[in-house]
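Asker: Quick check, what structure comes out for this input:
(one chain, ligands or ions: 3)
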Amino acid sequence: MDCGRIMRSGLGHNAGLAMTLPIDEARLWASLHELAAIGQYRDEDTGLLGVNRLALTDADAAGRRQVMRWFEQVGLAVRVDRIGNVYGRRSGLDDSLAPVLTGSHIDSVPTAGAFDGCLGVLGGLEVCRALDAAKVVTRRPIEVCFFTDEEGCRFGTDMLGSAVACGRLPLELAWSLVDRDGIAVKNELARIGFLGEVNERIGPPHAYVELHIEQGPVLAAEGFELGVVTGVQAISWQELTIVGKSAHAGTTPMHLRRDAGFAAARIHVQLHEMIASGRYGAEMRATMGRLELAPNRVNVVPGRVLCTVDLRNPDDARMADAERDVAAYWRSLAEELRVSIEARHTARTASVTFSAEVQAVIAGHLRDAGVRHRHILSGAGHDAQEFAAICPTAMIFVPGEHDGISHNPREYSTAAACARGARALGSTILTLAS
Ligand code: GLV
Ligand code: MN
Ligand code: MN
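Answerer: Numbers count the residues shown, from 1 in each chain. Ligands and ions are numbered 1, 2, ... in the order given. A predicted model of the protein is given here:
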């Protein structure tokens, strides 16, 4: 990573630009809510309106078209690449220079709020609107972008579009991933009109900076107004196929069963016991987010299960220990219960450390503007983690309400907090693009 480029261009943070861009809080808030109306649903559990814009569905396509209209309204030159990533480019004084990139994603989990990802994209858009209002032309071009299937919720691999753009995943592999109905990424891109023609591999930007809701409780609980993100923890996703034997629930003695459902339950319990042991550090997380039993009938012993295991840890060595230990447990459990357990990694990323220089630019602006902030490691995955491999990268976190809940319709942040985040983003982009 060439962190030197920022410093060589004389770009320590510029106090004169601190947090002064005319970010329009009401306009940003209105855009967030207009986008949230696309793919809106009434959540049965909370009674709240939530967002369901799974990647490459009709709702995602409608959201994409809306954001592209906004990009075009502010004169951004829009391009779509072969994995469906969308870039809006604002010219600089010298368009031969590498751009400053900002962005995130607008696809969502099926039970989302209005902010995850969207704040980063619409925050970048608002920065461009504010630059226009202030009649500012930067030296470098600025690009606002959104990436395909960041959530990984539909096709099984998170950061899909940004991982392809930054070279971690090959395009053909990404195109060939299928959803639960066997529909491939490439087919869906073509169907919704987002199989672009632009080469998906992006040249290294000058820098990448992403605004995002924190999705956790830390900033609000500690009274901070914004967070400077130091990096992203390691993520491991595995899909397990457990095969036993379906049998009659009334007649099959317990000792003769090969119950795949029971095996999944034991695996789930072991994940929690593993966390409780403390062996993998206090920050270790484990989740079984998907669990499908077959035939899933009241009087049939489950003969087959598909389930997922999501592990997170800020420490790569501890993550490796956890992966090794769960695999050993699954092997011994398979023998004990006379089932087969096949595990397949669907996503695996090491922990990522963001650029100290970009963090310093962000923190410098916050300090000058008197914004209460702290440095914080991200518990969630982000497109920024892919860009960190090819250019100086960092993120800004906006605190959430309700204990920072996310991937839930209760996800919420205030208009003032979002605007504060966009102001910090704008100042940072101005410095980086000067
Ligand atoms: C992205 O939302 C993640 O799963 O961390
Ligand atoms: Mn996100
Ligand atoms: Mn998310």
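
Asker: Just list the residues touching the most centrally placed residue in the chain, thanks.
Answerer: The residue lying closest to the centre of the chain (Cα atoms, centre = their mean) is H382, at 3.7 Å. Contact analysis of H382 by Cβ atoms under 8 Å, 6 or more residues apart in numbering lists S104, E150, M159, E210, H212, V232, M395. Heads up, the C-betas are built off the backbone N, CA and C, glycines and all.

Asker: Okay, and which of those map to strands?
Answerer: Among the contacts of H382, DSSP state E puts S104, E210, H212, V232, M395 in strands.

Asker: What are the neighbouring residues in contact with the fourth one?
Answerer: Taking Cβ under 8 Å, 6+ apart, we find V232 in contact with T349, S351, V352, L377, S378, A380, G381, H382, A384, Q385.

Asker: which of the residues you listed sit farthest apart?
Answerer: Farthest-apart pair in these is T349 and L377; separation 14.1 Å (Cβ to Cβ).

Asker: Okay, buried residues for the one helix or strand W237 maps to please.
Answerer: Using DSSP states H and E, W237 falls within strand 234-243. For strand 234-243, burial by neighbour count (16 or more other Cβ atoms under 10 Å) applies to A234, I235, S236, W237, Q238, E239, L240, I242, V243.

Asker: Contact partners for Y208?
Answerer: V100, L101, T102, A384, F387, A388, C391, P392, T393.

Asker: ok, the residues you listed vs ligand 2, which is closest?
Answerer: Of all those, A384 has the smallest distance to ligand 2: 9.8 Å, by Cβ to the ion.

Asker: how deep is that closest one tucked in, by neighbour count?
Answerer: A384: 29 surrounding residues under other Cβ atoms under 10 Å.

Asker: Spit out the contact partners of it.
Answerer: Y208, V209, E210, V229, V232, F354, T393, A394, M395.

Asker: possible to save the residues you listed as a markdown table with distance to E336 and pLDDT?
Answerer: As requested, these are exported to a markdown table (distance: Cβ to Cβ, whole Å; pLDDT from 0 to 100):
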| residue | distance to E336 | pLDDT |
| --- | --- | --- |
| Y208 | 48 | 99 |
| V209 | 50 | 98 |
| E210 | 45 | 99 |
| V229 | 43 | 98 |
| V232 | 36 | 98 |
| F354 | 44 | 98 |
| T393 | 46 | 98 |
| A394 | 47 | 98 |
| M395 | 44 | 99 |
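
Asker: which one among these gets closest to ligand 1?
Answerer: Nearest to ligand 1 among the contacts of A384 is V232, at 8.3 Å by Cβ to the nearest ligand atom.

Asker: beta partners for that closest one?
Answerer: V352, S378 (DSSP bridges).

Asker: mind pulling up the phi and psi values for I341?
Answerer: With angles defined as degrees, to the nearest 10, I341 sits at phi -130, psi 120.

Asker: whoops, I mixed them up, D132
Answerer: Per degrees, to the nearest 10, the backbone of D132 is at phi -60, psi -50.

Asker: Quick check: the residue of the stretch 201-350 of the chain nearest ligand 1.
Answerer: Counting by Cβ to the nearest ligand atom, the stretch 201-350 of the chain gets nearest ligand 1 through I235, at 6.5 Å.

Asker: how near is the closest residue to ligand 2 within the stretch 201-350 of the chain to T428?
Answerer: At 5.9 Å from ligand 2, H212 is the closest residue in the stretch 201-350 of the chain, using Cβ to the ion. Using Cβ to Cβ, to the nearest Å, we find H212 at a distance of 13 Å from T428.

Asker: what's near enough to touch the residue of the stretch 201-350 of the chain closest to ligand 1?
Answerer: I235 touches D158, D310, L311, R312, A347, R348, T349, G381, counting by Cβ under 8 Å, 6+ apart.

Asker: Quick one: buried ones out of these?
Answerer: For the contacts of I235, buried by 16+ other Cβ under 10 Å: D158, D310, L311, R312, A347, T349, G381.
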